[in-house]
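A.B. asks: got a predicted structure here, sequence first:
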Amino acid sequence: MRARSLPEVASTREAWALLGLTAPVEGEALKAAFRVAIKAARPEAGGSEALFRKTIAAWRLIQAQNAPLALAAPTARPPAPPVLTISPLDAVRGGVVEIRIGRRILRVKVPPGLRTADHLRLKGAGDGADLYLPVLVRMAGGLSVVGDDLYMTRPVPPRLLEDGGRLEIETHAGPRSAWLVAGHQPLRLRLRGLGLPARGARPQGHLFVTLEPSEDAPSAAEDLLVRFARVWTPDRLAA
């Protein structure tokens, strides 16, 4: 069995002593001590080859002790920015939304056309730096958003689905009419151009209306009465 060779410098304390130091030092003071010690350890300066090797070994041992870790200690991650939650109508029309950032409550102006996963830039809101808030469009007021499109449900009398006729749908953009064909029961209507507005590379969306049979839905006659009352004001009746 091969005998294991002993290190030339047994401990850090011995290494400091070989460099003529009584306490640990760093930086330029350590380099200066090594230069003096290695110069004195040279055989031509009165030292010896053994002392010269030990001085170098002492320097290497101290360097190894002072070397930083291969992987730096993980730093604390900055807190994630709050999510800017807006309604489908905010996404369509824009508006002002309050959001809490730390101890501050900011009123954020929301431009039309924001989609979920977009980011809204707030200049100087992050302790002087710009803050980018992720956007979430959450269902509200009977409207939901998927991609560029809006979705809603409209209760419809079963008789209207069977016999067909005109259906008026109250939308965020005002009343819209659709004609149902007798014998055909479409589960969903598409109203073009009533989705989220175009923004950047995202196109104009549509509004999809799911027709839900309901006995409680107003009949066609009641629907006509509602539209008549909306148009024929008392001033027009008196004319």
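C.D. replies: Received the coordinates, thanks.

A.B. asks: buried ones in stretch 140-158?
C.D. replies: 143-145, 148-152, 154, 156-157 (16 or more other C-beta atoms under 10 Å). Every C-beta, even on glycine, is put in place using the N, C-alpha and C of the backbone.

A.B. asks: CA-only coordinates of it in PDB, if you can.
C.D. replies: Provided in PDB are the C-alpha atoms of stretch 140-158 (Å, rounded to 0.1, in the frame of the first residue of the first chain):
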ATOM      1  CA  ALA A 140     -68.200  40.500 -14.400                       C
ATOM      2  CA  GLY A 141     -71.700  41.700 -15.300                       C
ATOM      3  CA  GLY A 142     -72.600  38.500 -17.200                       C
ATOM      4  CA  LEU A 143     -69.600  39.000 -19.600                       C
ATOM      5  CA  SER A 144     -66.500  36.900 -19.900                       C
ATOM      6  CA  VAL A 145     -63.500  37.200 -22.200                       C
ATOM      7  CA  VAL A 146     -61.600  34.500 -24.100                       C
ATOM      8  CA  GLY A 147     -58.800  35.800 -26.300                       C
ATOM      9  CA  ASP A 148     -60.200  38.700 -28.300                       C
ATOM     10  CA  ASP A 149     -63.900  37.700 -27.900                       C
ATOM     11  CA  LEU A 150     -66.700  38.500 -25.400                       C
ATOM     12  CA  TYR A 151     -69.200  35.900 -24.300                       C
ATOM     13  CA  MET A 152     -72.600  36.300 -22.700                       C
ATOM     14  CA  THR A 153     -75.800  34.300 -22.100                       C
ATOM     15  CA  ARG A 154     -79.300  35.400 -23.200                       C
ATOM     16  CA  PRO A 155     -82.400  33.600 -21.900                       C
ATOM     17  CA  VAL A 156     -84.900  32.900 -24.800                       C
ATOM     18  CA  PRO A 157     -88.500  31.600 -24.700                       C
ATOM     19  CA  PRO A 158     -88.600  28.100 -26.000                       C
END
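
A.B. asks: what is the neighbour count of L189?
C.D. replies: Around L189 there are 17 other residues, counting by other C-beta atoms under 10 Å.

A.B. asks: ok, which pair from the buried residues of stretch 140-158 is furthest apart?
C.D. replies: Checked with C-beta to C-beta, the buried residues of stretch 140-158 reach their widest spread between D148 and P157, with 31.1 Å between them.

A.B. asks: okay, the buried residues of stretch 140-158 in TSV with distance to A64 and secondary structure next?
C.D. replies: As requested, the buried residues of stretch 140-158 are exported to TSV (distance: C-beta to C-beta, whole Å; DSSP: H, G, I helix; E, B strand; the rest coil):
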residue	distance to A64	secondary structure
L143	66	strand
S144	62	strand
V145	60	strand
D148	61	coil
D149	64	strand
L150	66	strand
Y151	66	strand
M152	70	strand
R154	76	strand
V156	81	strand
P157	86	coil
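
A.B. asks: quick check, nearest of those to H184?
C.D. replies: Of all the buried residues of stretch 140-158, the one with the least separation from H184 (C-beta to C-beta) is V156, at 12.7 Å.
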